[in-house]
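Q: Let's see this in three dimensions:
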Amino acid sequence: MKKVVIAGGGWSGCAAAAEAVRLGACVTLLERTDMLLGTGLAGGIMRNNGRFTATEELIALGAGELFQVIDQNIRHRNIRFPGHEHADLYDIGRIEGAVRRYLEEQDIHLVFQARISHIQMENRRIIHVTDDKDRTYAGDVFIDATGTAGPMNCCTKYGNGCAMCVLRCPSFGGRVSLTGLTGIEEYKGRKKDGSTGAMSGSCKLLKESLSPEIIRRLDQEGVCIIPIPKALIDDHLDLKCCQQYALPEFRDNIILLDTGHAKLMTPYYPLEKLHPIPGFQNARYEDPYAGGKGNSMRYFAMAPRENTLKVTDAENLFCAGEKAGLLVGHTEAIATGALAGYNSVRYAEGLALLELPRSLAIGDAIAYVKEEMATEEGMGRKYTFSGSCYFTRMKKLNLYTTDTEKIRRRVDEAGLTGIFKALNR
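A: A predicted model of the protein is given here:
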C-alpha cells in the first residue's frame, strides 16, 4: 500500500486525503493546529456564481463526497447578495466536526499539532518529514497544502499586525511551507499597489452582539444589508484577496451573511466606526478578535507547479489550495486538493499524471492561473470561480452554467466521468 503524507488540514488537504484514501493509499494528514479546515472555519460560502459549475464538475468527475458532507451542514440555500447568485452558506460551528468524522471513517490518520520543521531529501525526492515534536512521517509521495497565510511576522510586516485570527500562530506556531523546506523558491502575490501579499476578505461578528432585528433577518433570510452613513464609509476594497467582493456595494453597505456567526464581508472594520451604525452598538468580533484593526495576510508562498499540480523540481511533491497559485475560495481548494490527491497516488503507482482539459472550468482555471502568474500583471490579481476576472473569463468561454445535465455531458464528452473513483481509468 502506497503512503501519502499531506501537510495542511485545510479544505485542500482534506480533499486530497479523501481522494488518495479512496484510491487505496495509506494516508496521513498533518495539521499544525488542533482543528481542520483553517480559513474554512471563517468562511462558509459555497456554490455562488461559477463555483456552482465547478462543484458539479467535481461531482461528475467522482470527487463529490466532501460536498455531501457540506450539504448536510447548510444553514441557508440558494441565497443572493450583491454580485452573487445561488449561494449556499454552511454552518461554521458544525462543519469541522462533520469533516473530521468523515475523514476518520475513511481510516485517514489525522495528526494534530504537527507543525513540520524538517525534511529529509535524496536526489530531489522527499524521504520523510519531521514535526517540531520530533515525530517523523515517511511516505512515497507528499502533498503541500500548508496554505499561504502567516506567519505572524508577515501579518506584521505587510498588514496591520497579528489580528488574532483563527489560524492562531501564537499558540501553534506559524505556517511552515513544505515546498519551502525543499529549497524551491516560491512565488509571492501582490496587492493592487504592488506591495506584497493580500488581506483576507471577511470577518465574523458574534451574532448575539447585534440587534434583534439584524439577528432575525440573518436567521430567516441568510443575508442582511445595512447602508453605511456617508461620513462613516471606509474603503477597504483594494486590500481584499477576495476580489469577487471588491464591489461598490461592499464599500457602501454593511453586508452580513449567516454562517452561524455573522460573516462581515470586509477585511476589517474599525469598531469606532461600526458601533455608531444602527444595530451595531454592541458589536464584537468573533474572528479575528482584532477585526477592528486588521485581518490575516495571505499569498506569501505559492509553489511553482505543473498543471498536474506536481511541484516543479521536486520528484514526489504535489501542491493544493493556495499553494497551487492565486486561487481564492473553498471550492477552488477542494478542486485542487482532489486533483493533487488523485495524481499523488498515480505517481506513487508509476502511472501517467492527469491534466484536466480546458473544456472544464477546473482545468481551465488551473492552467490559466499558471499562465497568468508568469506575467507582472497576473501576479497582482486573484482568481476565483465566483467573481472578478476569472468569472468573467468563465462566462466569455461559456464555461459557466447552472445546468447540471450540461455539466455532466461536458465531463462525459471529455471522457472523465467518475475518473477520480479509480486508477484504472
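
Q: In a helix, residue 335, correct?
A: Yes - assignment of residue 335 by DSSP: H, G, I helix; E, B strand; the rest coil places it within a helix.

Q: Tell me the predicted confidence for residue 191.
A: With respect to pLDDT, residue 191 scores 79.

Q: do the one 10 residues further on as well
A: Here, the pLDDT recorded for residue 201 equals 86.

Q: I'd like to know how far residue 423 sits from residue 349.
A: Using C-beta to C-beta, to the nearest Å, residue 423 is found at 6 Å from residue 349. All C-beta spots, glycine's among them, are computed from the backbone N, C-alpha and C.

Q: my bad, should have said residue 141
A: Remark: distance between residue 141 and residue 349 (C-beta to C-beta) = 10 Å.

Q: same question, residue 385
A: Applying C-beta to C-beta, the value for residue 385 to residue 349 is 30 Å.

Q: Pick out whichever of the two has more residues nearby.
A: Higher neighbour count among residue 385 and residue 349: residue 385, with 30 against 14, using other C-beta atoms under 10 Å.

Q: For that one, give me its contacts.
A: For residue 385, the contacting residues are 49-51, 53-54, 329, 331-332, 361, 365, 391, 394, by C-beta atoms under 8 Å, 6 or more residues apart in numbering.

Q: so where do the strands sit in the stretch 51-200 of the chain?
A: Secondary structure of the stretch 51-200 of the chain (DSSP state E, counting those that start in this stretch): strands at 74-81, 84-90, 109-111, 116-122, 125-131, 136-138, 141-144, 198-199.

Q: Let me know which of those is tucked in deepest.
A: Most buried of the strands of the stretch 51-200 of the chain, by mean neighbour count (mean count of other C-beta atoms under 10 Å): strand 141-144, with a mean of 32.

Q: what are the pairing partners of it, and which direction each?
A: Using DSSP bridges, strand 141-144 pairs in its sheet with strand 3-7 (parallel), strand 317-319 (parallel).

Q: Lowest-scoring secondary structure element of the protein by mean pLDDT?
A: In the chain, no helix or strand scores lower on mean pLDDT, DSSP states H and E than helix 248-252, which sits at a mean of 80.

Q: secondary structure class for the closest residue in space to residue 16 that isn't next to it in sequence?
A: Nearest residue to residue 16, sequence neighbours excluded (C-beta to C-beta, 6 or more residues apart in numbering): residue 341, at 3.6 Å. Put simply, residue 341 is helix when judged by three-state DSSP.

Q: Would you check how far apart residue 84 and residue 259 are?
A: Taking C-beta to C-beta, one finds residue 84 at 14 Å from residue 259.

Q: just residue 198 next, same as before
A: Taken as C-beta to C-beta, the span from residue 198 to residue 259 is 21 Å.

Q: same deal with residue 413?
A: Distance, residue 413 to residue 259, using C-beta to C-beta: 36 Å.

Q: next one: residue 70
A: Residue 70 sits 12 Å away from residue 259, going by C-beta to C-beta.

Q: Residue 137 too?
A: With distances taken as C-beta to C-beta, residue 137 is found 33 Å from residue 259.

Q: can I assume residue 380 is in contact with residue 191?
A: Yes - Residue 380 is within contact range of residue 191, at 7.2 Å (criterion: C-beta atoms under 8 Å).

Q: Pipe the strands of the stretch 51-200 of the chain into TSV and attach distance to residue 207 per row.
A: What follows is the strands of the stretch 51-200 of the chain, written out as TSV (distance: least, C-beta to C-beta, whole Å):
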stretch	distance to residue 207
strand 74-81	11
strand 84-90	13
strand 109-111	30
strand 116-122	36
strand 125-131	36
strand 136-138	39
strand 141-144	35
strand 198-199	23
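
Q: rank those by mean pLDDT and give me the bottom one.
A: Across the strands of the stretch 51-200 of the chain, the lowest-scoring stretch is strand 198-199, with a mean of 90.
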